[in-house]
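K.L.:
Got a predicted structure here, sequence first:
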Amino acid sequence: MRPEDFRVSEESRLALADGGPFGVYLLAKTGWTTPEALDRAARDLGLPYGVFRYGGLKDRWAVTEQTVTVRTERDCSGEWNGFSLRALGRAADPMSPGAIVANRFRIVLRDLSACGAATAAAEAARLPGRGFANYFDDQRFGSMRDGQLFAGDLIVRRDWAGALRALLAMSGPDDPSAIRHHRRELARRWGDWPACLEAADGPAESQVFRMLAHEPRAVRAAVNLLPRETLAFHLAAWQSHLWNEVLRQAVRRAGEDGEGGVGLRTHPGTAGPYLSPARPDAAERLLRLVLPTLGRGIAWPDAPIEELYRGLLAPLGLRPENFVLRGLPKVQLRSSLRPAAVTPRELEVSGPAADAFHPGRCSLELGFSLPPGSYGTMLVKALSSTGP
């Protein structure tokens with residue numbers, strides 16, 4: 001899929017206000033994650049990264065638009081290679097996840113057989129009634145280390161030494177080659193803190209290794225020197241993975257209930273398969289289910305869901321209480337309720353049509369809106385899952 005075949009436009013309720021302390025901008029990008037683009041802009045503009053605020057992470061390999069705010073009087077408009085910032089006005093409040101109303105998607109599926117395109121179109125037409133499983137998708141797990149380790153897991157366990165090594169000296173699946181090379185070099189020097197300081201890239205790493213060179217046992221304090229956004233990103237990935245695991249169990253139970261036996265559709269995923277019910281009655285039950293994420297202030301919808309979570313965590317040596325973080329003052333995991341399934345709004349299906357890039361094959365174009373935090377890529381997976 002080309003980036004132009006996957007477009008996302010964020011709809012925000014952020015109100016403009018004359019003379020507000022925050023500049024409001026439209027960030028348009030492709031080939032960058034949201035934090036990468038804003039970090040580059042901050043460096044080039046000579047601003048601290050912390051003055052930028054956004055509501056959600058948008059895909060790297062897509063054409064995306066979203067609202068960001070910058071706490072400065074300066075005009076931060078500009079164009080970079082792969083992204084731009086266009087001024088929209090001023091606001092009294094910063095952009096935040098709560099200001100997102102919806103995300104509008106325009107996706108072109110390509111290289112389909114005539115039969116596959118017709119089947120996908122028919123499946124898409126059913127989605128407004130039955131929905132699809134609301135998993136966090138693969139892009140949420142780009143921070144996995146060496147294909148299996150979550151740094152957020154180590155933070156929750158208070159394994160500060162392991163967490164620091166995972167965060168600085170291990171690579172994720174989406175890391176560019178230059179970052180991979182840098183982290184391999186830090187891994188080679190790990191424990192020799194003056195040598196790591198020589199190889200440090202940026203002020204945060206320099207602060208960490210300077211502290212450890214002076215006091216090698218101050219590992220927890222060193223973790224706390226890392227940017228809040230970095231820690232929050234890794235913690236959210238672990239929180240999201242566990243939520244996905246509970247949803248998988250809930251889907252299996254929904255598929256087992258009632259007559260007809262287990263009926264599951266499956267799509268492979270980076271951190272586990274994406275399962276969805278094949279039977280309409282099981283899918284409808286999933287639409288009525290809401291699951292909490294782990295963190296401070298968790299509210300269990302009912303005892304069976306609490307049992308699901310505790311049963312998942314026990315073999316890992318964890319309890320829900322571990323997710324109320326202590327020793328990490330700059331960031332916290334907060335619990336929120338997330339629907340187990342969502343339905344697309346304003347669904348439009350165009351095609352099948354001849355695929356201009358794959359002779360003899362078909363394309364299908366989808367337009368739809370999803371609530372904040374839901375993934376358009378999961379809708380695509382729902383159309384291509386295998387099973388009954």
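P.N.:
Sure thing, it's come through. Numbers count the residues shown, from 1 in each chain.
K.L.:
Once you drop chain neighbours, what's closest to residue 344?
P.N.:
The shortest distance from residue 344 to any non-neighbouring residue, by Cβ to Cβ, 6 or more residues apart in numbering, is to residue 368 (3.8 Å). Using the backbone N, CA and C atoms, a C-beta is placed for each residue, glycine as well.
K.L.:
Now that neighbour: which helix or strand?
P.N.:
According to DSSP states H and E, residue 368 maps onto strand 362-370.
K.L.:
Does that strand pack against any helices or strands, and if so which?
P.N.:
When contacts are defined as 3 or more Cβ pairs under 8 Å, 6 or more residues apart in numbering; DSSP states H and E, strand 362-370 packs onto strand 100-112, helix 114-130, strand 345-354, helix 376-384.
K.L.:
among these, which is the most enclosed?
P.N.:
Highest mean neighbour count among these (mean count of other Cβ atoms under 10 Å): helix 376-384, with a mean of 21.
K.L.:
elements contacting that helix?
P.N.:
Applying 3+ Cβ pairs under 8 Å, 6+ apart, one finds that helix 376-384 contacts strand 100-112, helix 114-130, strand 132-133, strand 264-267, strand 274-277, strand 362-370.
K.L.:
Can you name the residues in contact with it?
P.N.:
For helix 376-384, the surrounding residues in contact (Cβ atoms under 8 Å, 6 or more residues apart in numbering) are 6, 8, 59, 103, 105, 107, 109, 120, 123-124, 127, 132-135, 137-139, 265, 267, 274, 276, 344, 366, 368, 370.
K.L.:
Next: stretch 94-106.
P.N.:
6-14, 22, 24, 53-56, 67-69, 71, 93, 345-346, 365-374, 376, 379.
K.L.:
what residues are up against residue 290?
P.N.:
Residue 290 touches 301, 337, 338, 339, 340, counting by Cβ under 8 Å, 6+ apart.
K.L.:
Rebuild those residues as JSON lines, extending it with secondary structure and pLDDT.
P.N.:
Formatted as JSON lines, the contacts of residue 290 follow (DSSP: H, G, I helix; E, B strand; the rest coil; pLDDT from 0 to 100):
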{"residue": "301", "secondary structure": "coil", "pLDDT": "92"}
{"residue": "337", "secondary structure": "strand", "pLDDT": "95"}
{"residue": "338", "secondary structure": "strand", "pLDDT": "96"}
{"residue": "339", "secondary structure": "strand", "pLDDT": "96"}
{"residue": "340", "secondary structure": "coil", "pLDDT": "95"}
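K.L.:
if we take those residues, which one ends up nearest to residue 78?
P.N.:
Taking Cβ to Cβ as the measure, residue 78 lies nearest residue 338 of the contacts of residue 290, at 35.7 Å.
K.L.:
and the helices and strands packed on strand 362-370 as TSV, adding mean pLDDT and distance to residue 152?
P.N.:
Listed next are those as TSV, based on pLDDT from 0 to 100; distance: least, Cβ to Cβ, whole Å:
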stretch	mean pLDDT	distance to residue 152
strand 100-112	96	23
helix 114-130	91	31
strand 345-354	94	32
helix 376-384	91	21
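K.L.:
any low-confidence regions in the stretch 251-388 of the chain?
P.N.:
Scanning the stretch 251-388 of the chain for pLDDT under 70 picks out the ranges 255-262, 385-388.
K.L.:
try 90
P.N.:
When residues are selected by pLDDT under 90, those of the stretch 251-388 of the chain lie in 252-273, 276-288, 326-330, 332, 351, 382-388.
K.L.:
now the contacts of residue 290 as JSON lines including neighbour count?
P.N.:
Compiled in JSON lines, those are given as follows (neighbours: other Cβ atoms under 10 Å):
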{"residue": "301", "neighbour count": "12"}
{"residue": "337", "neighbour count": "11"}
{"residue": "338", "neighbour count": "19"}
{"residue": "339", "neighbour count": "18"}
{"residue": "340", "neighbour count": "21"}
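K.L.:
if we can go back for a sec, of all the helices and strands packed on strand 362-370, which lies closest to residue 204?
P.N.:
Residue 204 lies closest to strand 100-112 among the helices and strands packed on strand 362-370, at 28.0 Å (Cβ to Cβ).
K.L.:
Export the closest one to PDB, keeping only CA atoms.
P.N.:
Extracted as PDB, the C-alpha positions of strand 100-112 are listed here (Å, rounded to 0.1, in the frame of the first residue of the first chain):
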ATOM      1  CA  ILE A 100     -10.300  14.700  19.300                       C
ATOM      2  CA  VAL A 101     -13.900  14.200  18.100                       C
ATOM      3  CA  ALA A 102     -13.100  11.500  15.400                       C
ATOM      4  CA  ASN A 103     -10.700  10.500  12.700                       C
ATOM      5  CA  ARG A 104     -11.800  10.400   9.100                       C
ATOM      6  CA  PHE A 105     -10.200   7.700   6.900                       C
ATOM      7  CA  ARG A 106      -9.900   7.300   3.200                       C
ATOM      8  CA  ILE A 107      -8.200   4.000   2.300                       C
ATOM      9  CA  VAL A 108      -7.600   2.300  -1.000                       C
ATOM     10  CA  LEU A 109      -7.200  -1.500  -1.000                       C
ATOM     11  CA  ARG A 110      -5.200  -2.700  -4.000                       C
ATOM     12  CA  ASP A 111      -4.100  -5.800  -5.800                       C
ATOM     13  CA  LEU A 112      -7.300  -7.700  -5.100                       C
END
